[in-house]
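A.B. asks: What follows is a predicted structure for the sequence shown.
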Amino acid sequence: MVFTSVLMIEKALTAADVEFVTTLHGDEPVVFHVLLQPRGDQADRLLRAIDDIALGELDEAVRERETPEGAEAKSVGRQALDVSLRALRSAGSRAEGRLVEDHPLDALKALVAEVDADEVIVLTDPHYVEEFFHRDWASRARHKVGVPVLKLFSHSEA
(Lines give C-alpha, C1' and ligand atoms only; values in the text may rest on other atoms or scores of the structure.)
Protein backbone atom coordinates (compact mmCIF):
# COMPACT_ATOMS: atom_id res chain seq x y z
CA MET A 1 0.00 0.00 0.00
CA VAL A 2 1.17 3.53 -0.80
CA PHE A 3 0.37 6.35 1.59
CA THR A 4 -0.60 9.67 -0.05
CA SER A 5 0.29 12.86 1.82
CA VAL A 6 -0.43 16.43 0.84
CA LEU A 7 2.40 18.50 2.29
CA MET A 8 1.70 22.21 2.69
CA ILE A 9 4.82 24.36 3.13
CA GLU A 10 5.83 28.02 2.91
CA LYS A 11 9.58 27.71 2.32
CA ALA A 12 12.13 25.15 1.17
CA LEU A 13 12.31 22.00 3.24
CA THR A 14 15.46 21.56 5.30
CA ALA A 15 17.30 18.24 5.46
CA ALA A 16 15.81 17.70 8.93
CA ASP A 17 12.30 18.42 7.60
CA VAL A 18 12.75 15.90 4.79
CA GLU A 19 14.03 13.24 7.15
CA PHE A 20 11.13 13.87 9.53
CA VAL A 21 8.30 13.73 7.00
CA THR A 22 9.77 10.80 5.05
CA THR A 23 10.06 8.67 8.20
CA LEU A 24 6.64 9.42 9.70
CA HIS A 25 5.17 6.20 8.31
CA GLY A 26 8.13 3.89 8.86
CA ASP A 27 8.92 1.74 5.83
CA GLU A 28 5.57 2.37 4.14
CA PRO A 29 6.06 4.10 0.77
CA VAL A 30 4.72 7.67 0.67
CA VAL A 31 3.78 9.86 -2.26
CA PHE A 32 4.02 13.57 -1.47
CA HIS A 33 1.93 16.21 -3.21
CA VAL A 34 3.55 19.46 -2.14
CA LEU A 35 1.78 22.82 -2.05
CA LEU A 36 3.94 25.85 -1.44
CA GLN A 37 2.48 29.29 -0.86
CA PRO A 38 5.20 31.91 -0.76
CA ARG A 39 4.66 34.35 2.07
CA GLY A 40 5.23 37.91 1.01
CA ASP A 41 2.47 40.45 1.42
CA GLN A 42 2.20 43.28 3.92
CA ALA A 43 -0.16 41.42 6.29
CA ASP A 44 2.10 38.38 6.30
CA ARG A 45 5.11 40.58 6.96
CA LEU A 46 3.47 42.15 10.02
CA LEU A 47 2.41 38.76 11.42
CA ARG A 48 5.89 37.33 10.85
CA ALA A 49 7.47 40.32 12.60
CA ILE A 50 5.15 39.85 15.60
CA ASP A 51 6.03 36.15 15.68
CA ASP A 52 9.75 37.00 15.56
CA ILE A 53 9.34 39.41 18.47
CA ALA A 54 7.37 36.79 20.44
CA LEU A 55 10.29 34.39 19.92
CA GLY A 56 12.79 37.03 21.04
CA GLU A 57 14.29 37.21 17.54
CA LEU A 58 14.44 40.98 17.16
CA ASP A 59 17.01 40.84 14.35
CA GLU A 60 14.62 38.64 12.34
CA ALA A 61 11.75 41.06 12.94
CA VAL A 62 13.81 43.91 11.49
CA ARG A 63 14.73 41.80 8.43
CA GLU A 64 11.08 41.05 7.58
CA ARG A 65 11.01 44.06 5.25
CA GLU A 66 13.55 42.24 3.08
CA THR A 67 11.07 39.42 2.34
CA PRO A 68 10.38 39.26 -1.41
CA GLU A 69 6.92 40.25 -2.60
CA GLY A 70 4.94 39.86 -5.82
CA ALA A 71 6.75 38.33 -8.80
CA GLU A 72 9.96 38.07 -6.82
CA ALA A 73 8.17 36.03 -4.12
CA LYS A 74 6.81 33.72 -6.82
CA SER A 75 10.28 33.17 -8.27
CA VAL A 76 11.73 32.46 -4.82
CA GLY A 77 8.76 30.17 -4.12
CA ARG A 78 9.34 28.21 -7.34
CA GLN A 79 12.99 27.68 -6.36
CA ALA A 80 11.98 26.58 -2.85
CA LEU A 81 9.46 24.14 -4.30
CA ASP A 82 12.01 22.69 -6.73
CA VAL A 83 14.59 22.27 -3.94
CA SER A 84 11.99 20.58 -1.72
CA LEU A 85 10.83 18.17 -4.44
CA ARG A 86 14.41 17.17 -5.27
CA ALA A 87 15.13 16.59 -1.56
CA LEU A 88 12.04 14.40 -1.09
CA ARG A 89 12.92 12.38 -4.21
CA SER A 90 16.54 12.00 -3.07
CA ALA A 91 15.18 10.56 0.18
CA GLY A 92 13.38 7.88 -1.85
CA SER A 93 9.86 9.32 -1.95
CA ARG A 94 7.75 10.12 -4.95
CA ALA A 95 6.99 13.83 -4.97
CA GLU A 96 5.29 16.40 -7.14
CA GLY A 97 4.20 19.90 -6.34
CA ARG A 98 2.82 23.25 -7.28
CA LEU A 99 2.80 26.84 -6.11
CA VAL A 100 -0.36 28.26 -4.62
CA GLU A 101 -0.96 31.92 -5.26
CA ASP A 102 -4.51 32.52 -4.06
CA HIS A 103 -6.89 30.77 -1.70
CA PRO A 104 -4.49 28.17 -0.28
CA LEU A 105 -7.17 26.29 1.63
CA ASP A 106 -9.34 25.93 -1.47
CA ALA A 107 -6.30 24.65 -3.38
CA LEU A 108 -5.55 22.27 -0.51
CA LYS A 109 -9.10 20.92 -0.44
CA ALA A 110 -9.11 20.44 -4.21
CA LEU A 111 -5.76 18.63 -4.18
CA VAL A 112 -6.80 16.34 -1.31
CA ALA A 113 -9.83 15.28 -3.36
CA GLU A 114 -7.88 15.06 -6.64
CA VAL A 115 -5.21 12.69 -5.29
CA ASP A 116 -7.43 10.93 -2.74
CA ALA A 117 -5.01 11.91 0.02
CA ASP A 118 -4.74 9.95 3.26
CA GLU A 119 -3.55 12.97 5.25
CA VAL A 120 -2.44 16.57 5.15
CA ILE A 121 0.83 17.65 6.74
CA VAL A 122 1.18 21.39 7.37
CA LEU A 123 4.87 22.15 7.90
CA THR A 124 5.54 25.83 8.69
CA ASP A 125 7.41 28.09 11.03
CA PRO A 126 5.49 28.90 14.22
CA HIS A 127 2.91 31.63 13.64
CA TYR A 128 1.78 32.46 17.15
CA VAL A 129 -0.71 35.19 16.32
CA GLU A 130 -2.47 33.08 13.69
CA GLU A 131 -2.37 29.98 15.88
CA PHE A 132 -3.75 31.80 18.89
CA PHE A 133 -6.80 32.82 16.88
CA HIS A 134 -6.94 29.45 15.06
CA ARG A 135 -6.36 31.20 11.74
CA ASP A 136 -3.29 29.17 10.81
CA TRP A 137 -3.46 26.74 7.87
CA ALA A 138 -3.67 23.60 9.99
CA SER A 139 -6.51 24.85 12.19
CA ARG A 140 -8.54 26.02 9.22
CA ALA A 141 -7.74 22.91 7.13
CA ARG A 142 -9.10 20.59 9.83
CA HIS A 143 -12.57 21.95 9.10
CA LYS A 144 -12.22 21.79 5.34
CA VAL A 145 -10.37 18.78 3.94
CA GLY A 146 -12.00 15.67 5.42
CA VAL A 147 -8.74 13.83 6.21
CA PRO A 148 -6.43 13.97 9.24
CA VAL A 149 -4.30 17.12 9.42
CA LEU A 150 -0.90 16.96 11.12
CA LYS A 151 0.75 20.22 12.09
CA LEU A 152 4.54 20.27 12.29
CA PHE A 153 7.05 23.05 12.80
CA SER A 154 9.82 23.32 10.26
CA HIS A 155 13.49 23.36 11.16
CA SER A 156 15.19 26.66 10.45
CA GLU A 157 18.56 25.35 9.34
CA ALA A 158 19.26 23.15 6.31
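C.D. replies: Nice, I can see it.
A.B. asks: Okay, and the beta partners of residue 97?
C.D. replies: In this entry, residue 97 is beta-bridged to residue 34, by DSSP bridges.
A.B. asks: I'd guessed it sits against residue 84; true?
C.D. replies: Yes. Applying C-beta atoms under 8 Å, one finds residue 97 in contact with residue 84, separated by 7.0 Å. To be clear about C-beta, it is placed using only N, CA and C from the backbone, and glycine gets the same treatment.
A.B. asks: Now do the shared contacts for these two.
C.D. replies: Common contacts of residue 97 and residue 84 (C-beta atoms under 8 Å, 6 or more residues apart in numbering): 34, 36.
A.B. asks: the more surrounded of the two?
C.D. replies: residue 84 (24 against 20; other C-beta atoms under 10 Å).
A.B. asks: does the more buried one sit in a helix, a strand or a coil?
C.D. replies: helix (DSSP: H, G, I helix; E, B strand; the rest coil).
A.B. asks: Counting neighbours, what do you get for the closest residue to it other than its chain neighbours?
C.D. replies: Nearest residue to residue 84, sequence neighbours excluded (C-beta to C-beta, 6 or more residues apart in numbering): residue 13, at 4.2 Å. Residue 13 has 30 neighbouring residues, counting by other C-beta under 10 Å.
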